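# give me a 3D structure for the following:
(2 chains)
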Amino acid sequence: MTLPLILYRSLRQHALSTLVTAGSIALAVGLLMVVWMVKDQSQRAFVETSTGFDAVLGARGSRLQLVLNAIFHLEASPGNITAADFEQIRRHPAVKAAIPLAVGDNYRGYRIVGTVESLFTQVEYARGRRYAVQPGGRVFAGAAHEALVGSFAAERLGLRVGDTFQPYHGLVFDPSHQHEEIYTVVGILEPTNTPADRVLWIPLAGIQNMKGHDPKFATDLSAVLLQLRTPQAGFMLDMMYNRQGNRLTFAYPVGAIIADLFGKIGWFDRVLALVAYLVAFVAAGSVLASIYASMSARRRDLAILRALGARRHTLFAAVVTEAAVIGALGAVAGFIVYGALLTGVARIIRAQTGVAIDVLAWHPVLWVAPLAMIALCALGGIIPALKAYRVPVAETLAPTS
Amino acid sequence: MLTITDLRKSFPSPEAGGRPVEIVSVAHFALGAGEQVALRGESGSGKTTFLNLIAGLLAADSGRIEFDGTNLVALGEAARDRLRAERMGYIFQTFNLLQGFTVLENVVLGMSFGGGRVDRAHARSLLERVGLGSRLQHFPRQLSTGQQQRVAVARALANRPRLVLADEPTGNLDRRRGQEALALIREACAEAGAALLLVSHDPEVLGQFSPVRDFTELNRPAAPSAT
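Now for the predicted structure:
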């Protein structure tokens, strides 16, 4: 009971510095866990999102740009491909499914994508998962001016079944470039936690024939999503389009291209992780500094405890444990910081990419980071603990007589 | 109970160019169980050092401090700490209470570092005995100096000591409070069956004691050498 009493009183006596130090540790632990989780979950979410299709065919250009444009609905299309190109790949015996996409318009910043009904009725958008329309809605029909709206876009734009909207030209919202056509919302998609949630889907012909688009390119497409029958087919088509041809780009395999993207932005993760580690070290340093700074004031108390019979190692343990307890308080509070930060970051990521991050997901970093922080704080407590260990009792306590 | 023989302690002195200067050199001193003895000595005569050596807060250079059959001089620091925690009480001139702890906690800490169990009821009864039963949850800063000294007395008796050492225990109190504190220390030690060794230079305090030993006669340190 003695050690807990000494710890409790010491923490109470230095309540302000305890709170400030524990707060900085909470920030460090929270930040460390957020950086780790965002990195891990966003990578996983991006990879999972791209599991539905094996390849993307598009105009000559960057494979990554093609994948980002066609699957993640980010970036501009590298260019158009012709209806003949689409027909050729659709009929290829190695291709199981080919979904044409046409982009180029938006509604208040949310991308409008033209495609075919089969994307929603016959194809898995990710392994084992198909699109579903919310009750009371349906998939758009043929060439009608109808739209099927992703759940996130519908929520943000306030669109419901039966509502109408007029598309704007281009991928960036410009109020002065509104098309004349009026589209009616006939269905809202169930949430998929993928970029598709941010898209307003309309029939392919809708985009192709939108007034104001050049009629010469009315049959052109932005890209084709492909499911292949075998992996070998991918290498064969890669050879055909990328090595032998010079007009189109065959982005394959999609998963590897996304992994490559994360490899390229890996430095960013490392910088973030480095910042988080630095914050953690600074926080542990602040434990050291705050306890060390208070040692002069505590010197007398420590000497009194020694005079009462406390052993040197008891006081050493008390100071190290106090540092660890401050670390533990900070680590617990770190989960609040983590929850708040990750919720905010997840909202931003969802709004920007459509990718959903599960705030309640478990990862070993959620126990490794707090425990490592507590250990680091205990380590930081060793230097002031040594000072406590060496307090000269007789010299500190009494005027000699 | 306490027998001291040929006890010597030196400290390096800046005045002597860093060479050790003898502060304590006591050829013989004895204190029986339950006995109360006062040592008279001027400031700087080595009284506190003498008490610190008996308490085991300082290690002696040589000699014997036989306490309840144990020679403290032969013990290591940890063993001396344990002995002090289990069988000695110490009352300081400046009280030395822990300011962040309540009155009750201060007394409880007085019995926390020995081998025995912590007896909060005993701590309460001691505080009631010294007239602070209604101040258990107060902090030292909320008490008068006289009350603080009474807490120090209760704390010194908390571990049921065989020996209480008191170093100028009334030095920070006015005359009336000093006399009250002294009477309390003597009574409490007598009730607890603890021997009391008190050092002071105050004639009023010493006048209440019998026997009073002159520390300057008892302590004969060697004069610093010229070289």
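# which ones are touching the residue in chain B that chain A sits nearest to?
Residue nearest to chain A within chain B: B:A85 (2.3 Å; Cβ to the nearest Cβ). C-betas here are computed from N, CA, C, even on glycine. The contact partners of B:A85, taken as Cβ atoms under 8 Å, 6 or more residues apart in numbering or on different chains, are A:308-310, B:112-114, B:159.
# helices of the stretch 51-200 of chain A, residue ranges please.
Along the stretch 51-200 of chain A, counting by DSSP state H, counting those that start in this stretch, helices occupy A:63-70, A:83-91, A:118-121, A:151-157.
# B:D68: which of those is closest?
Comparison of the helices of the stretch 51-200 of chain A against B:D68 by Cβ to Cβ identifies helix A:151-157 as nearest, at 81.5 Å.
# which residue is nearest the middle of chain A?
Nearest to the geometric centre of chain A sits A:S42, at 3.7 Å (Cα atoms, centre = their mean).
# and the stretch 251-400 of chain A, which residues reach chain B?
A:300-301, A:303-312, A:314, A:393-394, A:397-400 (Cβ under 8 Å from any Cβ of the partner chain).
# among these, which ones are in helices?
Among these, the members found in helices (DSSP state H) are A:300-301, A:303-307, A:312, A:314, A:393-394, A:397.
# farthest-separated two in these?
Maximum distance among these (Cβ to Cβ): 18.1 Å, for A:T314 and A:A394.
# circling back: got the angle for the helix or strand harbouring the residue nearest to the centre of chain A vs helix A:63-70?
If you go by DSSP states H and E, A:S42 is part of helix A:15-49. With axes from the mean of the first three to the mean of the last three Cα atoms, to 10 degrees as the basis, helix A:15-49 and helix A:63-70 are set at 90 degrees to each other.
# same for helix A:15-49, what does it pack against?
Here helix A:15-49 touches helix A:254-264, helix A:266-307, helix A:312-353, helix A:365-380, going by 3 or more Cβ pairs under 8 Å, 6 or more residues apart in numbering or on different chains; DSSP states H and E.
# for the nearest residue to A:H92 once chain neighbours are set aside, pull up the helix or strand it's in.
Counting by Cβ to Cβ, 6 or more residues apart in numbering or on different chains, A:H92 lies nearest to A:L237, which is 7.3 Å off, once chain neighbours are set aside. Assigned by DSSP H and E, A:L237 belongs to helix A:231-238.
# kindly report the same for B:G146.
Using DSSP H and E, B:G146 maps to helix B:145-156.
# what helices or strands is that helix leaning on?
strand B:88-91, helix B:103-109, helix B:120-129, helix B:175-192.
# buried ones in the helix holding A:S42, by neighbour count?
By neighbour count with 16 or more other Cβ atoms under 10 Å in any protein chain shown, helix A:15-49 contains the buried residues A:17-18, A:21-43, A:45-46, A:48-49.
# what's the angle between it and helix A:266-307?
Computed by the same axes, to 10 degrees, the angle between helix A:15-49 and helix A:266-307 is 150 degrees.
# and helix A:15-49, how far from the chain's centre?
Relative to its parent chain, helix A:15-49 has a centroid offset of 13 Å by Cα atoms, centre = their mean, to the nearest Å.
# relative to helix A:254-264, how tilted is it?
Using the same axes, to 10 degrees, helix A:15-49 lies at 150 degrees relative to helix A:254-264.
# next, the angle helix A:365-380 makes with helix A:15-49.
With the same axes, to 10 degrees defining the directions, helix A:15-49 sits at 150 degrees from helix A:365-380.
# pLDDT on helix A:15-49, on average?
On average, the pLDDT along helix A:15-49 is 86.
# contacting residues around A:V393?
A:303, A:306-307, B:52, B:57.
# ok, so of those residues, who is nearest A:G109?
Distance ranking of these against A:G109, using Cβ to Cβ, places A:A303 first at 68.4 Å.
# residues in contact with that closest one?
Neighbouring residues of A:A303 by Cβ under 8 Å, 6+ apart: A:391-393, A:396-397, B:96.
# go again with 6 Å.
For A:A303, the contacting residues are A:391, A:393, A:396-397, by Cβ atoms under 6 Å, 6 or more residues apart in numbering or on different chains.
# turn the residues you listed into a markdown table, including pLDDT.
Below are the contacts of A:A303 laid out as a markdown table (pLDDT from 0 to 100):
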| residue | pLDDT |
| --- | --- |
| A:V391 | 90 |
| A:V393 | 87 |
| A:T396 | 87 |
| A:L397 | 83 |
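# show me which pair in these is furthest apart.
Spatial extent of these (Cβ to Cβ) is set by the pair A:V391 and A:L397 at 9.7 Å.
# what does the pLDDT read for residue 189?
This is for chain A. Here the pLDDT value assigned to A:L189 is 95.
# look at chain B instead
92.
# who are the neighbours in contact with it?
Residues counted as contacts of B:C189 (Cβ under 6 Å, 6+ apart) are B:164, B:196.
# over to A:L329?
Residues counted as contacts of A:L329 (Cβ under 6 Å, 6+ apart) are A:A22.
# so how far is A:L315 from it?
Using Cβ to Cβ, to the nearest Å, A:L329 is found at 21 Å from A:L315.
# tell me which residues in stretch B:9-19 are buried?
Neighbour counts over stretch B:9-19 (16+ other Cβ under 10 Å) mark B:9-10 as buried.
# and that stretch, average pLDDT?
Across stretch B:9-19, pLDDT averages out at 85.
# and for stretch A:311-324?
For stretch A:311-324, the mean pLDDT works out to 93.
# send the alpha carbons of it over as PDB?
Extracted as PDB, the C-alpha positions of stretch A:311-324 are listed here (Å, rounded to 0.1, in the frame of the first residue of the first chain):
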ATOM      1  CA  ARG A 311      15.300   1.800   1.000                       C
ATOM      2  CA  ARG A 312      17.000   3.500  -1.900                       C
ATOM      3  CA  HIS A 313      15.700   1.000  -4.400                       C
ATOM      4  CA  THR A 314      12.100   1.600  -3.100                       C
ATOM      5  CA  LEU A 315      12.500   5.300  -4.000                       C
ATOM      6  CA  PHE A 316      14.100   4.400  -7.400                       C
ATOM      7  CA  ALA A 317      11.100   2.000  -8.100                       C
ATOM      8  CA  ALA A 318       8.700   4.700  -7.000                       C
ATOM      9  CA  VAL A 319      10.000   7.300  -9.500                       C
ATOM     10  CA  VAL A 320      10.300   4.800 -12.400                       C
ATOM     11  CA  THR A 321       6.700   3.600 -11.600                       C
ATOM     12  CA  GLU A 322       5.500   7.100 -11.500                       C
ATOM     13  CA  ALA A 323       6.900   7.700 -14.900                       C
ATOM     14  CA  ALA A 324       5.300   4.500 -16.200                       C
END
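# can I assume B:S10 sits in a strand?
Yes: assessed with DSSP: H, G, I helix; E, B strand; the rest coil, B:S10 lies in a strand.
# so it touches B:G18, yeah?
No: B:S10 is beyond contact range of B:G18, at 12.0 Å (criterion: Cβ atoms under 6 Å).
# hey, what's the residue nearest the centre of chain B bridged with?
Geometric centre of chain B, nearest residue: B:L165, 2.3 Å, by Cα atoms, centre = their mean. Assessed by DSSP bridges, B:L165 has beta-bridge partners B:Y90, B:L197.
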